[in-house]
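# Please work out how this folds:
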Amino acid sequence: MKNDKVVARSGSKPAPAKAGVAIWTKTFELSGKERKEALQKCFTVLKDWKIKMPRVKPLVLNFGLGDFYKNGLIEFWIANEKKEGYCGKFLFVFNHQTCPFHRHNFKHETFFVLKGKIEMNIDGKKSMMNAGNIKVMPQKVGHSFTGKEPSLLLEVSKPCLPEDSIFRNRKIGRI
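Numbers count the residues shown, from 1 in each chain. As a prediction, this is how the structure comes out:
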């Protein structure tokens, strides 16, 4: 499987995945001790579930809001293939942690809950998703999700493109 590119914020030129993160996420990531502790907690849960993640550098996102365990998630990118037209990644949220409300003009997503339980908010309508549930998220539909316990989702989608994640919270804006 090809996993040598991620899209950079400033344009469509790829940045090497070896660096581990997309350039456009840098200001929205945890770093240092805080990042290390969040990853240790995540990997403890994954180990208890007997789930092995791909050997990629996880994105530990707080969206620049300063409270990771309230607004954040951990992403394990498997592929983001613009030319081939697909993206695949695992999304991990802790109990009560929310991926903030946003939409995509280009990206069409399908979420599959592998473990845990989440509350999905789709344009203000909330529904529970349990392990084994699937939710299709068309383009331009606003959504967020909150862990009701530690949860792991698989996202299969069109590629992630710069500035196609449009957040309701103006402090986050467009990434």
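# CA only for contacts and neighbour counts going forward, please
Noted.
# Could you list the low-pLDDT ranges of this structure?
In the predicted model of the chain, residues 1-25 satisfy pLDDT under 70.
# those strands in this protein, which residues are they?
5-7, 14-16, 59-61, 73-81, 86-93, 98-103, 109-115, 117-122, 125-130, 134-137, 143-147, 151-157, 166-167 (DSSP state E).
# Contacts made by the longest one with the rest, please.
It refers to strand 73-81. The contact list for strand 73-81 (Cα atoms under 8 Å, 6 or more residues apart in numbering) reads 2-3, 5-7, 53-54, 56-62, 86-94, 97-99, 159-160.
# about what we covered before: buried deepest among the strands of the chain, which one?
Greatest average neighbour count among the strands of the chain goes to strand 59-61 (a mean of 24), per mean count of other Cα atoms under 10 Å.
# Touching that strand from outside, list them.
21, 25, 28-30, 35, 38-39, 68, 72-76.
# cool, stretch 125-143 as well?
Residues contacting stretch 125-143 (Cα under 8 Å, 6+ apart): 100-123.
# start to end distance for that stretch?
9 Å (Cα to Cα, to the nearest Å).
# just how off-centre is it within its chain?
Stretch 125-143 has its average C-alpha position 14 Å from the chain's average C-alpha position, going by Cα atoms, centre = their mean, to the nearest Å.
# go on, stretch 67-78?
In terms of Cα atoms, centre = their mean, the centre of stretch 67-78 is set 6 Å apart from its chain centre.
# going forward, begin numbering at 6 instead of 1
Let's use 6 as the start, then, which means that last one is stretch 72-83.
# what's the span of that stretch, first residue to last?
26 Å.
# Ile79 and Lys94, how far apart?
10 Å.
# Return the set of residues that bridge with the residue nearest to Glu34 when sequence neighbours are not counted.
Nearest residue to Glu34, sequence neighbours excluded (Cα to Cα, 6 or more residues apart in numbering): Leu66, at 4.3 Å. When bridges are called by DSSP bridges, Leu66 pairs up with Glu34, Leu78.
# that older thread, could you dump the strands of the chain into JSON lines with distance to Arg179 added?
What follows is those, written out as JSON lines (distance: least, Cα to Cα, whole Å):
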{"stretch": "strand 10-12", "distance to Arg179": "15"}
{"stretch": "strand 19-21", "distance to Arg179": "19"}
{"stretch": "strand 64-66", "distance to Arg179": "14"}
{"stretch": "strand 78-86", "distance to Arg179": "17"}
{"stretch": "strand 91-98", "distance to Arg179": "19"}
{"stretch": "strand 103-108", "distance to Arg179": "9"}
{"stretch": "strand 114-120", "distance to Arg179": "18"}
{"stretch": "strand 122-127", "distance to Arg179": "19"}
{"stretch": "strand 130-135", "distance to Arg179": "23"}
{"stretch": "strand 139-142", "distance to Arg179": "18"}
{"stretch": "strand 148-152", "distance to Arg179": "14"}
{"stretch": "strand 156-162", "distance to Arg179": "18"}
{"stretch": "strand 171-172", "distance to Arg179": "5"}
